[in-house]
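**Q** coordinates only, sequence not included:
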């Protein structure tokens with residue numbers, strides 16, 4: 001009996017390589033999703049970090065606008081990359097027009113900047129939503145394989161269904177492992193985006209439009 005138990009234990013034990021092999025196409029899809037999550041997270045991190053308004057930017061620009069020095073104001077904004085500099089530059093390009101026209105030009109650029117920040121952010125939310133279902137699909141396939149193996153060899157014991165069960169559990173875990181960080185990152189970046197949008201609104205459009213008009 002002890003020998004049979006040991007043999008069964010050996011049959012149903014799986015290492016990481018065996019479990020990955022059992023995961024098949026479903027696990028490959030989850031692997032691709034995980035790579036996308038990392039890539040999008042890094043891309044959005046640097047995009048939002050570089051796009052963050054700098055308080056000193058408006059302080060350095062104000063003297064040029066107060067004295068009506070358009071050329072130096074343009075040179076200053078060209079030397080300062082970022083969303084706020086591009087937004088102000090759009091207003092400077094409308095220099096001499098009425099206030100509403102300048103504000104409209106800056107508002108359009110503001111929308112471009114916000115859309116740029118939001119670019120590909122929805123991927124994280126989408127992956128976070130569907131990854132558990134992909135893992136669940138792998139679970140269903142694993143259970144099907146387990147019952148198929150059991151129907152072919154009803155006297156084989158637990159070793160017959162171990163492969164399918166391992167596949168089912170592993171894909172479920174992989175789906176959650178991809179989904180949870182995706183949802184967390186999506187929420188973190190969404191909150192950061194709301195903060196940046198508020199900072200951009202308070203720093204650029206209204207105040208700078210009044211100086212440029």
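**A** Great, that's in hand. No experiment lies behind these values; they were computed from the predicted model shown. Residues are numbered from 1 along each chain as shown.

**Q** can we go C-alpha only for contacts and neighbour counts from here?
**A** Will do.

**Q** identify the residue nearest the geometric centre of this protein.
**A** Compute the mean C-alpha point of the chain, and by C-alpha atoms, centre = their mean the closest residue is residue 124, 3.9 Å away.

**Q** look up how far residue 181 lies from that residue.
**A** Distance of residue 124 to residue 181, given as C-alpha to C-alpha, to the nearest Å: 9 Å.

**Q** just residue 131 next, same as before
**A** Relative to residue 181, residue 131 is positioned 11 Å away (C-alpha to C-alpha).

**Q** and these two? Which one has more around it.
**A** Taking other C-alpha atoms under 10 Å, residue 131 and residue 181 do not tie; residue 131 has more neighbours (24 against 18).

**Q** can you list the low-confidence ranges for the protein?
**A** 1-23, 51-55, 96, 153-164, 166-167, 203-213 (pLDDT under 70).

**Q** can you rerun that using 50?
**A** Judged against pLDDT under 50, the low-scoring parts of the chain cover residues 1-13, 205, 209, 212-213.

**Q** the lengthiest helix in it - contacts with which helices or strands?
**A** The residue-count maximum for a helix in the chain (DSSP state H) belongs to helix 158-203. Helix 158-203 sits against helix 2-12, helix 16-51, helix 83-93, helix 99-118, helix 121-152, with contacts defined as 3 or more C-alpha pairs under 8 Å, 6 or more residues apart in numbering; DSSP states H and E.

**Q** try it again with 7 Å
**A** Using 3 or more C-alpha pairs under 7 Å, 6 or more residues apart in numbering; DSSP states H and E, the elements in contact with helix 158-203 are helix 2-12, helix 16-51, helix 121-152.

**Q** tell me which of the ones you listed sits nearest to residue 199.
**A** The closest of those to residue 199 is helix 16-51. By C-alpha to C-alpha, the value is 10.7 Å.

**Q** so after the closest one, what's the next helix or strand?
**A** Downstream of helix 16-51, the first helix or strand assigned by DSSP states H and E is helix 55-66.

**Q** which parts of that following helix are buried?
**A** For helix 55-66, burial by neighbour count (16 or more other C-alpha atoms under 10 Å) applies to 57-58, 61, 64-65.
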